[in-house]
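[1] coordinates for the following, if possible.
(3 chains)
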Amino acid sequence: MLVLWAVATVTFFAVRLIPGDPAEAILGGPGSQTSPEALAAVRAEYGLDQPVLLQYLSQLGRLATGDLGRSYALNMDVGPLVFSQLGGTLILALLALTVAWLIALLLATWSTGRGRLARQIGSGLEIVAAALPHFWLATTLIVVFSVWWGVLPPISTMDARGLVLPVITLAIPLAGFLGQVMRESLTIALESPFVLSARARGESDRGVLWRHALRHAALPAISLSGWAFGSLISGAVVVETIFARPGLGRTLLNAVTVRDVPVVVGVVMIVALAYILMTVLTDLASRLTDPRPIRTPTGADA
Amino acid sequence: MSAAEQVGARRPNPALALRVQNLRVGFGDPTGEDAVRGISFEVRAGECLAIVGESGSGKSVTARSLLGLAGSAARVNADELSLAGESVLGLSEAAWRRRRGRDVGLVLQDALASLDPLRPIVREIGDSLRLHTRLDAAARTRRVLEILEAVGLPDPHLYAGRRSGELSGGQRQRALIAAALALDPPLLIADEPTTALDVTVQAQVLALLDQVRSQGTAIVLISHDLAVVGRIADRIAVMHNGRIVETGSAADVLGAPEHPETRRMLAAVPVDKPRGSRLAPTPTGAAGGTAPTTVSAPSTPEPVPALAGIGLTKSFRGVHGTTHLAVDDVSFSLPRGGTLGIVGESGSGKTTTARLALALTAADSGEVRLFGEPWSTLPERERRARRPLVGAVYQDVLGSFDPRLSVREILQHAVAAAAGSGPETPGRRSTAVRVATLLDSVGLAQTLLERRPTDLSGGQRQRVGIARALASDPRILICDEPVSALDVSVQAQVLDLLDELQRELSLSLLFISHDLGVIQHVSDRVAVMQNGRVVESGPAAEVFTAPAHPYTQALLSAVPRLI
Amino acid sequence: MSELEIQLSAGTQPGDGDRATRRGRVPGRVTAVELAAGLLAAFLLTAAVAPRLLAPGDPLAIDPLAAFGAPSWSHLFGTDESGRDIFTRVIDGARDSFLIGLAATLIGLGLGAILGVVAGTLGAAVDFTVNRFLEVLFAFPGLLLALLFILVFGPGPGSAIVAVGLSTAPGYARIIRAQLIRVRSSAFVEAATVQGLSRGRILTRHILPNTLAPLLVLGTLGVGQAIVWAAALSYLGLGAQPPAAEWGAMLSAGRTYITSAWWMSFFPGLFIVLTAVCATALGRSIERRMRHA
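    Numbers count the residues shown, from 1 in each chain, chains lettered A, B, ... in the order given. The predicted model follows:
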């Protein structure tokens, strides 16, 4: 909650820093011929004629009641606009997160315990995947799958086929990051004494992996999922634009381009809210997977 | 009655549980030296064979080879390797899996890491049953509870659902042993099973292993500690550089060692060795140092002690607002030129006491006085001028060196720091001379100057640590577990060095350790700590021969001794 | 968490060095990966410093007859809508892309180092404030902070640099603060206190050098990330604009012709990927070497 308030404050004052008169922006941006009367009317309508502090407080009040204000450019309330776009982005992000998890798990389990070559291939793939920019991956995928082979639509349609390329685009780089942490913790787990103990009980390689190592490997990846979700939403800006897919990301980019301040603020607030929720959820999930108490710094004897 | 029959009658000759002939294990480069170079031994049912050696002797690799777990990089060869009379040489992985847990069990050091920290112990122990029997889940749980009770965990249902992190050290080690014994295998291999444990817990675990042995299980006990294995081993094999150099009954090996390596290891054990006697052979080979010049502990009417703690109390705040009293009304007095040993098990507050003595942590109440003058109560700025009087030697000596520095730089910094408080800073040449002298005084070659501590052995590192502490010509050395991380023979050398330095420089030593043997060997006075309090203190001779407090008595009876 | 923190924590396989030494391999020896990354880095740096060495042609030479040429021997990467040689333009774009990435990294790293060190040294109150501030910044995931900045200051290469720098700064700050706290509570700092060193000298002699030692690693890893982010902004039309040879801008220009001339966007993007991979590989190898030095 505190973070949300701070986010609202930061965005509010950042927006105040924007050179130029917001009222002009509402009426078509600077340069457009507007009468002083029209400006005054707009200022009154949007409350821009009041002192900054009052504006800030009234905005906070409105935010608290869930009112995100009114778009300058689209002439509609931001709240409904943002929520209508939220669903598409959420589906995209959650699907991508799932796919990324699967890819990372497969790669990590395949490349550990198979010798140095497999390890290096795995780590190499992960580094490359993590370095792939969404915008390039998306265009390359479009060229291959849509232009050359024609198997998948280049523009995101609403059916499942239209989701494939955007999801893959978002999932691959994320899988690179998740795979790195998973493989590292998997390696540590496989080298730890409890795995030796399990083997000494007659446990097979597969048993060791499923019963012991995978859980340890998933731990850091689970706690990373909050961050991953955030980076997916940021990636959605690019991906939704390229695949012409309606969603928060594209709405945000359009709003930034035309300086539609309330929409930007609204989207940022919603994203921050979703991100914080996701972080709380992942914390909960990692607590469930690892019930060990968090290590406490005590001064007692080691 | 023929002679043969007589022998047979005297020795019932129980079944052979394990027989190893000419075992060789190598890693990596086939032309390189093997880790295990042709060893042979056998163990019978109800017998405990101890394999003893220092780190790098090849004992752990041997243990793992007996389960086919030496790793994919290992080349294991032997003329014979048989479990319960059946050869297991060249067994397939699947065949090994069927035997592991059923025919042979393994107990490792450090149960915290050896039991999966994310799984409750009931599942960990039940795994052997799941893998080798057709019992259903409920039957497995019942059996696990029985085993837990058998290894000395009463009310097992209280513990079964816990994870290893939620158990005490002793409970954990019992659970680990239970996991290895779940199917009652005829052979148990225990690799350093008591190494990280407190002495009292160690004694309990050894007693448990002894009981397991008496029920007919053959045990191979791997350890670095001759005194520990002396408690339960029937026979001892001493390993050195991948070979068994001596083997025989426990009494013979400990009482009349033949091989020089065995003698060296035995001599290095500090338990019951009088104060001032050497533990390691002198570098020159001369036995000159053996003269028991007991540092005449100042018997003169008590002058002001070098360092004195008066009513020290320190508590720490836990996570949930709970306070934990780490040090509770502790007083101590370190005589000038003498050694005060503080001994206690983990959690007894001895490290906190060391930090209070070094004035690194402020006490909640009470104070530490240095040569009768205020020390812990001074503001750090004023204390700094007196810091050179007190040196410190740490257990984690590597961590106490700035990782960017070489040995030379470490000592240069120390010399400069010591001089920084004095009137003039020394020139470059005099610093270099001083660094060389320091290195000499701890018996290190000048060629090590440019090395980094990470490239040194554990013993060398600790010597550099001591040299650094000596840089300021301190009157007092505070040593917190200075030898705990070292092999016995290296530990012996470091203890000898500290003893020598103390006499030459008439240092006062505050020596903190969990190891009663070490404390007994080095101390003039002893303070025994338990749960943050000093439960008994006095002249070492008195405390060790006639302990008054029940805790001290328990500690002393738990200490493994050589015969 | 930030990308950098992941890269840094996963950068070194556990026991990698130990295993290497155990097998008798010299930890200091150059591995194949390092060699490849080094050669690639040399190539890219040459492109940035002296593009004419690698691509002697004129990046602006227009040849309408050769427009939209597919990759061939005369035009390795093909040509664009005005018949300009894409290989030449990609090589030429290295300088702008690098400068933008480097400048953004310097801003981010500089701000991050200042914030991290300030938080770690000036006491609990400052630490608390800086931490809350960082937490707020972390609530804007990824590019969102950069977008917000661009909203305020308008698009363009300059504000893209600052935007990327600002949005990476919290990540750097957190890493540096964590490192500083680790160093501050380390045994060797305590040992220095016992030796009677003053707080100031401990700070300058032990704490700061050991805290700032990983800056080189961070910077190397960060440049790759910064180039990717800056290119993303250019691609979205918020950073460098199309006539510029910056890779993101070139990609953006090629977007229109993606169905007919894939090479226009493929090759600039490939160079972004190569640069990022190269930076990651080098960053990790420096990290490993520093630990084993």
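[2] run a quick neighbour tally on the residue of the stretch 51-200 of chain A found nearest chain B.
    Closest residue of the stretch 51-200 of chain A to chain B, C-beta to the nearest C-beta: residue A:200 (3.5 Å). Using the backbone N, CA and C atoms, a C-beta is placed for each residue, glycine as well. Residues lying near residue A:200 (other C-beta atoms under 10 Å in any protein chain shown) number 26.
[3] check contacts around it.
    By C-beta atoms under 8 Å, 6 or more residues apart in numbering or on different chains, the residues touching residue A:200 are B:67, B:69, B:100, B:101, B:104, B:105, B:106, B:180.
[4] look up which residues are beta-bridged to the residue lying closest to it once chain neighbours are set aside.
    Using C-beta to C-beta, 6 or more residues apart in numbering or on different chains and skipping the chain neighbours, the partner closest in space to residue A:200 is residue B:106 (3.5 Å). Listed beta-bridge partners, residue B:106: residue B:189 (assigned using DSSP bridges).
[5] now do residue B:106: how many residues are near it, please.
    The burial count for residue B:106: 28, using other C-beta under 10 Å.
[6] distance of it from residue A:121?
    Distance, residue B:106 to residue A:121, by C-beta to C-beta, to the nearest Å: 33 Å.
[7] check contacts around residue A:122.
    A:107, A:108, A:110, A:111, A:112, A:179, A:183.
[8] please see if stretch B:56-70 touches chain C.
    No: contact of stretch B:56-70 with chain C is not found when judged by C-beta under 8 Å from any C-beta of the partner chain; the minimum separation is 11.8 Å.
[9] flag every buried residue along that stretch.
    Neighbour counts over stretch B:56-70 (16 or more other C-beta atoms under 10 Å in any protein chain shown) mark B:57-70 as buried.
[10] now swap in stretch B:236-244 and tell me
    Neighbour-count burial for stretch B:236-244 flags B:236, B:237, B:238, B:239, B:240, B:242, B:243, B:244 (criterion: 16+ other C-beta under 10 Å).
[11] now find how far off-centre it is within its chain.
    19 Å (C-alpha atoms, centre = their mean, to the nearest Å).
[12] that stretch close to chain C?
    No: Stretch B:236-244 lies apart from chain C when judged by C-beta under 8 Å from any C-beta; the minimum separation is 15.8 Å.
[13] start and end of that stretch, how far apart?
    10 Å (C-alpha to C-alpha, to the nearest Å).
[14] phi, psi for residue B:86 please.
    phi -110, psi 130 (degrees, to the nearest 10).
[15] could you export stretch A:165-183 as PDB, CA atoms only?
    Written as PDB, here are the backbone C-alpha positions of stretch A:165-183 (Å, rounded to 0.1, in the frame of the first residue of the first chain):
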ATOM      1  CA  LEU A 165       4.000 -16.200 -31.500                       C
ATOM      2  CA  PRO A 166       3.500 -13.500 -28.800                       C
ATOM      3  CA  VAL A 167       3.800 -16.000 -26.000                       C
ATOM      4  CA  ILE A 168       6.900 -17.600 -27.500                       C
ATOM      5  CA  THR A 169       8.500 -14.200 -28.000                       C
ATOM      6  CA  LEU A 170       8.000 -13.300 -24.400                       C
ATOM      7  CA  ALA A 171       8.800 -16.800 -23.000                       C
ATOM      8  CA  ILE A 172      12.200 -17.500 -24.600                       C
ATOM      9  CA  PRO A 173      14.200 -14.600 -23.100                       C
ATOM     10  CA  LEU A 174      12.600 -15.200 -19.700                       C
ATOM     11  CA  ALA A 175      13.300 -18.900 -20.000                       C
ATOM     12  CA  GLY A 176      17.000 -17.900 -20.400                       C
ATOM     13  CA  PHE A 177      17.000 -16.100 -17.100                       C
ATOM     14  CA  LEU A 178      14.900 -18.700 -15.200                       C
ATOM     15  CA  GLY A 179      17.000 -21.500 -16.700                       C
ATOM     16  CA  GLN A 180      20.200 -19.900 -15.400                       C
ATOM     17  CA  VAL A 181      19.000 -19.900 -11.800                       C
ATOM     18  CA  MET A 182      17.300 -23.200 -12.000                       C
ATOM     19  CA  ARG A 183      20.400 -25.000 -13.400                       C
END
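[16] which residues of the stretch 201-302 of chain A lie near chain C?
    A:224, A:226-227, A:229-231, A:233-235, A:237-238, A:241-242, A:252-253, A:256-257, A:259, A:261, A:264, A:268, A:271-272, A:275-276.
[17] which single residue in the stretch 1-150 of chain A comes nearest to chain C?
    Chain C sits closest to residue A:136 of the stretch 1-150 of chain A, with a gap of 3.1 Å, by C-beta to the nearest C-beta.
[18] what about the residue of chain C found nearest chain B, how many neighbours?
    Nearest residue of chain C to chain B (C-beta to the nearest C-beta) works out as residue C:196 at 3.1 Å. The tally of other residues near residue C:196 (other C-beta under 10 Å) stands at 22.
[19] check whether it sits in a helix, strand or coil.
    The three-state label given to residue C:196 by DSSP: H, G, I helix; E, B strand; the rest coil is coil.
[20] which residue, neighbours along the chain excluded, lies closest to it?
    Excluding its sequence neighbours, the residue lying closest to residue C:196 (C-beta to C-beta, 6+ apart) is residue B:387, at 3.1 Å.
[21] show me what contacts the residue of the stretch 301-450 of chain B found nearest chain C?
    Minimum separation of the stretch 301-450 of chain B from chain C (C-beta to the nearest C-beta) falls at residue B:387, amounting to 3.1 Å. Shown in contact with residue B:387 (C-beta under 8 Å, 6+ apart): B:421, B:472, C:194, C:195, C:196.
[22] correct me, but the fourth one touches residue B:465?
    No: assessed by C-beta atoms under 8 Å, residue C:195 is found out of contact with residue B:465, at 12.0 Å.
[23] and the contacts of residue A:122, which of them are buried?
    Buried, going by 16+ other C-beta under 10 Å: A:107, A:108, A:111, A:112, A:179, A:183, out of the contacts of residue A:122.
[24] my read: the third one touches residue A:119, true?
    Just to be clear, that refers to residue A:111. Yes: using C-beta under 8 Å, residue A:111 is in contact with residue A:119, at 5.6 Å.
[25] what is in contact with those two at once?
    Shared contacts of residue A:111 and residue A:119, counting by C-beta under 8 Å, 6+ apart, come down to residue A:183.
[26] contacting residues around residue C:226?
    Contacts of residue C:226 by C-beta under 8 Å, 6+ apart are C:100, C:101, C:102, C:104, C:105, C:108, C:164, C:165, C:168.
[27] for these, pick the one with the most neighbours.
    residue C:164 leads those on contacts (other C-beta under 10 Å) with 32 neighbours.
[28] and that one, what element?
    helix C:157-184 (DSSP states H and E).
[29] grab the nearest non-local neighbour of residue A:109.
    Nearest non-adjacent residue to residue A:109 (C-beta to C-beta, 6+ apart): residue A:209, at 6.5 Å.
[30] report how many residues lie close to that neighbour.
    Around residue A:209 there are 19 residues (other C-beta under 10 Å).
[31] repeat for residue B:38
    Other residues close to residue B:38 by other C-beta under 10 Å number 16.
[32] before we move on, back to that, which one among the contacts of residue A:122 gets closest to residue C:58?
    Among these, residue A:179 lies closest to residue C:58 (C-beta to C-beta), at 43.1 Å.
[33] the closest one falls within a strand, correct?
    No: assessed with three-state DSSP, residue A:179 is helix; it does not lie in a strand.
[34] next one, pLDDT for residue 168 please.
    By default, I'm working from chain A. Per-residue confidence (pLDDT) for residue A:168: 87.
[35] can you look at chain C instead?
    88.
[36] list the contacts for it?
    Counting by C-beta under 8 Å, 6+ apart, residue C:168 has contacts C:2, C:4, C:104, C:105, C:108, C:109, C:112, C:222, C:225, C:226, C:229.
[37] how about the residues of chain B near chain C?
    So far as C-beta under 8 Å from any C-beta goes, chain B lies against chain C at B:28-29, B:32, B:358, B:360, B:380, B:384-385, B:387-388, B:390-392, B:394, B:396, B:399-404, B:413-414, B:417-418, B:420-421, B:452, B:468, B:471-472.
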